[in-house]
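Participant: Dropping the sequence and predicted coords here.
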Amino acid sequence: GESVGLHLPTLSVQEGDNSIINCAYSNSASDYFIWYKQESGKGPQFIIDIRSNMDKRQGQRVTVLLNKTVKHLSLQIAATQPGDSAVYFCAENYKAAGNKLTFGGGTRVLVKP
Amino acid sequence: DVKVTQSSRYLVKRTGEKVFLECVQDMDHENMFWYRQDPGLGLRLIYFSYDVKMKEKGDIPEGYSVSREKKERFSLILESASTNQTSMYLCASSLGQMDTQYFGPGTRLTVL
């Protein structure tokens, strides 16, 4: 497979455990945040998003938390499965910059059976 | 269902060749984007378009141009390919500003 990033931070998690992936964003005025999942050799896939007027949003097996005070975003994956192994990116959007996303460097998640 | 397609998954070209990368979306999205993705550098925006025949430079437009003659199609053009343009190229689209961007599968371009 293709590597989407060398020297990425890596999170190893046991199958069935919960995963927490963290992201520090750069612009305190950013108002929209997205988490993407990228499997080897594929394009990024949308997971979940959150707007700056919220601090928590839940999806299917995933929860995103936003802490604007410290400019921190996290993605929690419940009951991690082998299919969750991928690189996860956060992205931020600042309305005044139009629809230009700024991406984080990514975290590689490895699920151990 | 959201669908962004790219014309090729893998492409090998020679230095100096003109290269066309095609992207098509079937969601009637207004906005389309071209990124390149390199190890250690993440995703970097090359060009984007808010409407037909409109284009805006992203963060790294040098060596590239784009064309958007139809709403559903956004083309990335390498006028004279160079080895430093070897990369994964990703196309994305979104309905409007402040909306989620949906990505295609990517084109792995190698310039020899």
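Facilitator: That came through, no problem.

Participant: you'd agree A:Thr80 is in a strand?
Facilitator: No: judged by DSSP: H, G, I helix; E, B strand; the rest coil, A:Thr80 forms no part of a strand; its state is coil.

Participant: Tell me the spacing between it and A:Phe33.
Facilitator: 21 Å (Cβ to Cβ, to the nearest Å). Quick note: C-beta positions are derived from backbone N, CA and C, even for glycine.

Participant: Quick check: bridge partners of whatever residue of chain B ends up closest to chain A?
Facilitator: For chain B, the residue closest to chain A is B:Phe103, as judged by Cβ to the nearest Cβ, at 3.8 Å. Beta-bridge pairing for B:Phe103 (DSSP bridges): B:Ala92.

Participant: any idea how far it is from B:Pro61?
Facilitator: 19 Å.

Participant: More neighbours: which of the two?
Facilitator: B:Phe103 (23 against 15; other Cβ atoms under 10 Å in any protein chain shown).

Participant: OK, contacts around the spatially most central residue of chain B?
Facilitator: By Cα atoms, centre = their mean, chain B has its centre lying nearest to B:Trp34, at 2.9 Å. If you count contacts by Cβ atoms under 8 Å, 6 or more residues apart in numbering or on different chains, B:Trp34 has them with B:21, B:23, B:45-48, B:58, B:64, B:66, B:74, B:76, B:89-91.

Participant: In the lowest-mean-pLDDT helix or strand in chain A, which residues are buried?
Facilitator: Lowest on mean pLDDT, DSSP states H and E among the helices and strands of chain A sits strand A:101-103, with a mean of 86. By 16 or more other Cβ atoms under 10 Å in any protein chain shown, the buried positions in strand A:101-103 come out as A:101-103.

Participant: Contact distance from chain A - what residues of chain B qualify?
Facilitator: Within chain B, the positions near chain A by Cβ under 8 Å from any Cβ of the partner chain are B:4, B:31, B:37, B:39-40, B:42-43, B:45, B:48, B:50, B:56, B:58, B:88, B:90, B:94, B:96-106, B:108.

Participant: And the buried ones among these, selectable in PyMOL?
Facilitator: Burial among the residues of chain B next to chain A is assessed by 16+ other Cβ under 10 Å; the matching PyMOL selection reads:
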select buried, chain B and resi 4+31+37+42+43+45+48+50+58+88+90+94+99+100+101+102+103+104+105+106+108
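
Participant: List the ones among the residues of chain B next to chain A that fall in helices.
Facilitator: Mapping the residues of chain B next to chain A onto helices (DSSP state H) picks out no residues; all lie outside.

Participant: From the residues of chain B next to chain A, which land in strands?
Facilitator: B:4, B:31, B:37, B:42-43, B:45, B:48, B:56, B:88, B:90, B:94, B:102-103, B:108 (DSSP state E).
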